[in-house]
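Visitor: coords below, sequence missing:
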Ligand code: 3PG
């Protein structure tokens, strides 16, 4: 059996060592395709693989077609699997899995790196404000949202969250106030941190109305997906409300315009780096390797996301 790790954005070397140990212990081959620059390289490697481990790498119908006949399982080493064509994988009889929770602390810590940066005026040296005592609204109380709430407690923030898929008791047990209306979350919180996945329902769901309704000096933090933002609405809201800030781990399509027109109030990482820590790479990479072996050897598909 051959496990292919195809990561345009590679794991830390220590994580790759861990993945290799899992493959070795199972008596499987490990093929590494890191920092690939052409889709052709991916297609050729996938044709020789029984399991495919990826990060945000695009696994579209063409990649799945290349794997037909041999590829049995695709594991997204991470949470969001919007980069994988689930329908094509299902039609090809392939199992798709993710590794929920394995990189969530890393993303949650970056939220606070960004929150402090925004509160201190992007480290321009001018007088900013503190997180202590401020209200934080968490949009989606999944694994990342829960870690954000935990860390927010240390900063002394007042935390609420909205998540139609999460029981109120999970929030209240974490000291978080449940909110049942997204509009209220944006209206009431100085900081809002976005943790929704990109799905047909959420794409472009955060636009002018929500953003412009934020309180004075509001900070919107996006470490989720750029697709959930209506970028025209974001620009309009930030242009009208010169007190608002937007900090994101994903560069929007209109980043250059935003950086020019809202200079000092927007920040984007050069490349998505929320999950780029040794710990998150080790956790997600090794979990993905274990899940690949579990499926290939024993047919276990506990984290299957396609039906
Ligand atoms: C995820 O969905 O797990 C995060 O967005 C991390 O993505 P990455 O593996 O591409 O860094």
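Guide: Perfect, I can see it now. None of the values given here were measured: they were computed from a predicted structure.

Visitor: Local confidence estimate at residue 307?
Guide: Looking at residue 307, its pLDDT is 85.

Visitor: Up against the ligand, what does the stretch 151-300 of the chain have?
Guide: Near the ligand, the residues belonging to the stretch 151-300 of the chain are 272, 274, 275 when assessed by CB under 6 Å from any ligand atom. For the C-beta atoms, the positions are set from N, CA and C on the backbone; glycine is no exception.

Visitor: any idea how far residue 104 is from the residue lying closest to residue 281 once chain neighbours are set aside?
Guide: In this structure, residue 281 finds its nearest non-sequential neighbour in residue 15, 3.7 Å apart by CB to CB, 6 or more residues apart in numbering. Residue 15 is 16 Å from residue 104, where distance means CB to CB, to the nearest Å.

Visitor: ok, now residue 246?
Guide: Going from residue 246 to residue 104 by CB to CB gives 22 Å.

Visitor: Distance to residue 236, neighbour count and pLDDT for the residues of the stretch 151-300 of the chain next to the ligand - can I get that in a markdown table?
Guide: Conversion of these to a markdown table gives the following (distance: CB to CB, whole Å; neighbours: other CB atoms under 10 Å; pLDDT from 0 to 100):
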| residue | distance to residue 236 | neighbour count | pLDDT |
| --- | --- | --- | --- |
| 272 | 25 | 19 | 95 |
| 274 | 26 | 24 | 98 |
| 275 | 31 | 28 | 98 |
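
Visitor: So what sits opposite the residue lying closest to residue 181 once chain neighbours are set aside in the bridge?
Guide: Closest residue in space to residue 181, ignoring its immediate chain neighbours: residue 162 at 7.0 Å, by CB to CB, 6+ apart. For residue 162, the residues forming beta bridges with it (DSSP bridges) are residue 139, residue 179.

Visitor: What count of nearby residues applies to residue 162?
Guide: 23 (other CB atoms under 10 Å).

Visitor: re earlier: and the residue nearest to residue 281, what helix or strand is that in?
Guide: Here residue 15 sits within helix 13-26, counting by DSSP states H and E.

Visitor: Please see if that helix touches the ligand.
Guide: No: judged by CB under 6 Å from any ligand atom, helix 13-26 and the ligand are separated, with a smallest distance of 11.1 Å.

Visitor: Any buried residues in that helix, and which?
Guide: 15, 16, 18, 19, 20, 22, 23, 26 (16 or more other CB atoms under 10 Å).

Visitor: The second one touches residue 32, doesn't it?
Guide: Right, the one you point to is residue 16. Yes: counting by CB atoms under 8 Å, residue 16 touches residue 32, with 6.7 Å between them.

Visitor: Excluding sequence neighbours, find me the nearest residue to residue 278.
Guide: According to CB to CB, 6+ apart, the nearest residue to residue 278 is residue 12 (4.4 Å).

Visitor: Find the closest residue to the ligand in the chain.
Guide: residue 78 (2.5 Å; CB to the nearest ligand atom).

Visitor: Can you get me a residue count around that residue?
Guide: Neighbour number of residue 78 under other CB under 10 Å is 24.

Visitor: Next, it: secondary structure please.
Guide: Three-state call for residue 78 (DSSP: H, G, I helix; E, B strand; the rest coil): coil.

Visitor: Surely it touches residue 284?
Guide: Yes: look at residue 78 against residue 284 with CB under 8 Å: they come within range, at 5.5 Å.

Visitor: overlap in contacts of the two?
Guide: In terms of CB atoms under 8 Å, 6 or more residues apart in numbering, residue 78 and residue 284 are both contacted by the residues 99, 102, 103, 275.

Visitor: Let me see the contact set for residue 148.
Guide: 108, 111, 112, 136, 138, 193, 195.

Visitor: Out of those residues, who's the most crowded?
Guide: residue 138 (32 neighbours).

Visitor: Identify the residue spatially nearest to that residue, adjacent ones excluded.
Guide: residue 161 (4.0 Å).

Visitor: and what of residue 14?
Guide: Residue 14 sits nearest to residue 278 (CB to CB, 6+ apart), 5.7 Å away.

Visitor: Just give me the neighbour total for the one you found.
Guide: Neighbours around residue 278, by other CB under 10 Å: 13.

Visitor: quick one, what contacts it?
Guide: Listed by CB under 8 Å, 6+ apart, the contact set of residue 278 reads 12, 14, 15.

Visitor: And the next helix or strand past the helix holding residue 15?
Guide: Using DSSP H and E, the helix or strand that follows helix 13-26 in sequence is strand 29-34.
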